[in-house]
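K.L.:
sequence plus predicted model, see below.
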Amino acid sequence: MEEIRTRFPPSPTGYLHIGGARTAIFNWLFAQKTGGKLILRIEDTDEERSSEESIQGIIESLKWLGITWDEGPYFQSRFINEHLAAARKLLESGHAYKCFCTKEELDRKREEARKKKADFQYDGTCRNLTPKEVAEKEAAGVPYTIRLKVPRGEGFVGFEDIVYGIIEKKYEDIEDFVIVRSNGRPLYILSNTVDDIRDRITHVIRGQDGLANTPKQILIYKALGALVPKFAHMSLTLDPKKAKISKRTHGELVAVSFYREHGFLPWAFVNYLALLGWSTPDSREIFSKEELIKAFSLQGIGRANAVFDFRKNDPKFFTDPKAISVNTHYIRNLPVEEIEPYVRAELEKAGIWDPDFQGAKRDWFLRTVDLIRTRYHVTTDFATLGRAYFSDDYPIDPKALKKNILKHEGFKEWFPVLADRLQAIKAFTVEEAEKVIRETAEEFGIKAGILINGIRTTVTGQAVGPGLFDVLIAVGQSRVVERLRKSVIFFE
RNA sequence: GUCCCCAUCGUCUAGUCAGGUCCAGGACACCGGCCUUUCACGCCGGCAGCACCGGUUCAAAUCCGGUUGGGGACGCCA
């Protein structure tokens, strides 16, 4: 059987955004699933907007997501001569012709048509130029573009899209489109097709916005005598207002790097993105990498566009709640060793990483991560909400301070007593700590909850967290005692 | 304006190709309860949808037509 080859061809005009990432993921999944190859091709032929920085950023984002490619990156700009050779071939075989119309003239006609609310198509002025006329214009040095000669009369270009089914477009609805500019540079529609032919792409998996281009490209394949690949167009990703996601209007909120910086586990993000516009008959949502590859199929891609429901300025969610929930799932359920490197990265970023955490204190570290992770949503939480476990320099949440400590003047005397008694414990265990604290509460004639919540706030800086006695063991006897002693300053 | 695509809970979706088993299933979010030293987790329960109109049929979310709505493409950008 023929080898399956897919490609991901980003144009390096900015960061990788979620739409591009999704396209890359689907191509990658299909290649993995079928034992095929994924080709990475940088379409850097837009001289104005392409940048090296963007190329690096895109590659970095792909790597972070865990998307691997088998060939490339190839650079489209290196193959311009090949694109032009194809155009010459089309000229010679009579599938294309030189057009001497000026851009200004065409722009004017287009504008005129738009005003009259009429359809505009190139009128084919130069299509019927005699060889003599062409020669004269050329001799006079009139610049020209090269247009593909689209078949005229009845008939249509048809193909069967793997996702959308049979698509047919009448010849009369396709104009003789430009494939080479008057400055001699090829256009995307030509370059992209020639590259796909050279790279022996068998399956073009791309956004639905490429659907309208497909009949034109098929015409090029046929004129060049090349085999037409299979096409699978995927539904688009829309913003909450149903507009196409774009770097321009959504900024960093749609950048893959944004999610990396905000504490997403790469696989969780891939898993979530796969769910946008793709599903299995059983509506399953959580997949390991192996499971996703196994479950993936192009037929599972939906035809209706999907909304990436990010919430700008939402106090509770900084992006699509579903994306966060998938991430949360992984943070809570993955073997703790698998999230260890990500927690480490966050602690390093926060400047509170201790090398012992992967040496002498590794057991403690893993146990602590495991203890606190059930209420975290993103890996950055370990360095913010969880800071007190890993560093002695941590902030006290003012609300918690007010509610759990300042409300009870008694802590002025309770904290020192608790510090003494906890320090006196020989074997510092959950049971012992609990016993001491409950007895102390009884002695003072108050509810244990008051002491428990006050201690939690002092020791962790927060009103919420794991069961207090587990917290005390995690933080450790000496640090707990120290923190309690220092707490009298809250009343100064 | 022309061409193309799409239409199930707020969001992601199953079900549509092969009409009955769907007074529509799951997930997220939301609400309530249990658990509890707090917050989570977990468990239990709830809210909420087949865009509309017509047709075919014994029977339609599923098939057909139209309407409306949404999206995309119409560049000498990629």
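P.N.:
Thanks, I have it. Nothing here was measured: the structure is a model prediction, and the numbers come from that model.
K.L.:
now do the SS call for A:Leu91.
P.N.:
Classification of A:Leu91 using DSSP: H, G, I helix; E, B strand; the rest coil returns helix.
K.L.:
quick one, phi/psi of A:Pro355?
P.N.:
phi -50, psi -30 (degrees, to the nearest 10).
K.L.:
distance of it from A:Arg362?
P.N.:
Separation of A:Pro355 from A:Arg362 (CB to CB, to the nearest Å) stands at 10 Å. Every residue, glycine included, has its C-beta placed from N, CA and C.
K.L.:
neighbour-wise, which of these two wins?
P.N.:
Neighbours around A:Pro355 and A:Arg362, counted as other CB atoms under 10 Å, are more numerous at A:Arg362. The numbers are 13 against 8.
K.L.:
grab the nearest non-local neighbour of that one.
P.N.:
A:Asp356 (8.0 Å; CB to CB, 6 or more residues apart in numbering).
K.L.:
ok, that neighbour to A:Asp392 distance?
P.N.:
Using CB to CB, A:Asp356 is found at 14 Å from A:Asp392.
K.L.:
A:Arg78 too?
P.N.:
From A:Arg78 to A:Asp392 the distance is 56 Å (CB to CB).
K.L.:
so who does A:Val194 touch?
P.N.:
A:Phe79, A:Glu82, A:His83, A:Ala86, A:Pro186, A:Leu224 (CB atoms under 8 Å, 6 or more residues apart in numbering).
K.L.:
show the pLDDT at the last one.
P.N.:
Same thing as A:Leu224. Listed pLDDT for A:Leu224 reads 96.
K.L.:
also the first one?
P.N.:
The model reports A:Phe79 with a pLDDT of 96.
K.L.:
what helix or strand is the residue lying closest to it once chain neighbours are set aside on?
P.N.:
Nearest non-adjacent residue to A:Phe79, counting by CB to CB, 6+ apart: A:Asp195, 6.2 Å away. Assigned by DSSP states H and E, A:Asp195 belongs to helix A:188-198.
K.L.:
which parts of that helix are buried?
P.N.:
By neighbour count on 16 or more other CB atoms under 10 Å, the buried set for helix A:188-198 is A:Tyr188, A:Ile189, A:Leu190, A:Ser191, A:Asn192, A:Thr193, A:Val194, A:Asp195, A:Asp196, A:Ile197.
K.L.:
quick check: mean pLDDT across it?
P.N.:
Regarding helix A:188-198, the rounded mean pLDDT is 97.
K.L.:
the helix or strand just after that helix and RNA strand B, are they touching?
P.N.:
Sequence-wise, the next helix or strand downstream of helix A:188-198 (DSSP H and E) is strand A:203-207. No: among the residues of strand A:203-207, none lie within reach of RNA strand B under CB under 7 Å from any atom of the strand; the closest is 7.8 Å away.
K.L.:
and strand A:203-207, average pLDDT?
P.N.:
97.
K.L.:
and it, C-alpha only, in PDB?
P.N.:
What follows is strand A:203-207, C-alpha atoms only, in PDB (Å, rounded to 0.1, in the frame of the first residue of the first chain):
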ATOM      1  CA  HIS A 203      -3.800  13.700   2.300                       C
ATOM      2  CA  VAL A 204      -4.300  17.400   2.600                       C
ATOM      3  CA  ILE A 205      -5.900  18.000   6.000                       C
ATOM      4  CA  ARG A 206      -6.500  21.700   6.500                       C
ATOM      5  CA  GLY A 207      -9.100  24.300   7.700                       C
END
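K.L.:
now do it: which elements does it pack against?
P.N.:
strand A:5-8, helix A:18-34, strand A:230-234 (3 or more CB pairs under 8 Å, 6 or more residues apart in numbering; DSSP states H and E).
K.L.:
what pairs with that strand, parallel or antiparallel?
P.N.:
strand A:230-234 (parallel) (DSSP bridges).
K.L.:
what residues of the strand it pairs with count as buried?
P.N.:
Result for strand A:230-234 [16+ other CB under 10 Å]: buried residues A:Phe231, A:Ala232, A:His233, A:Met234.
K.L.:
need those residues in CSV (columns: distance to A:Ile162 and pLDDT).
P.N.:
Below are the buried residues of strand A:230-234 laid out as CSV (distance: CB to CB, whole Å; pLDDT from 0 to 100):
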residue, distance to A:Ile162, pLDDT
A:Phe231, 7, 97
A:Ala232, 4, 97
A:His233, 8, 97
A:Met234, 10, 96
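K.L.:
which of the residues you listed lies closest to RNA strand B?
P.N.:
Ranked by distance to RNA strand B (CB to the nearest atom of the strand), those are led by A:His233 at 7.9 Å.
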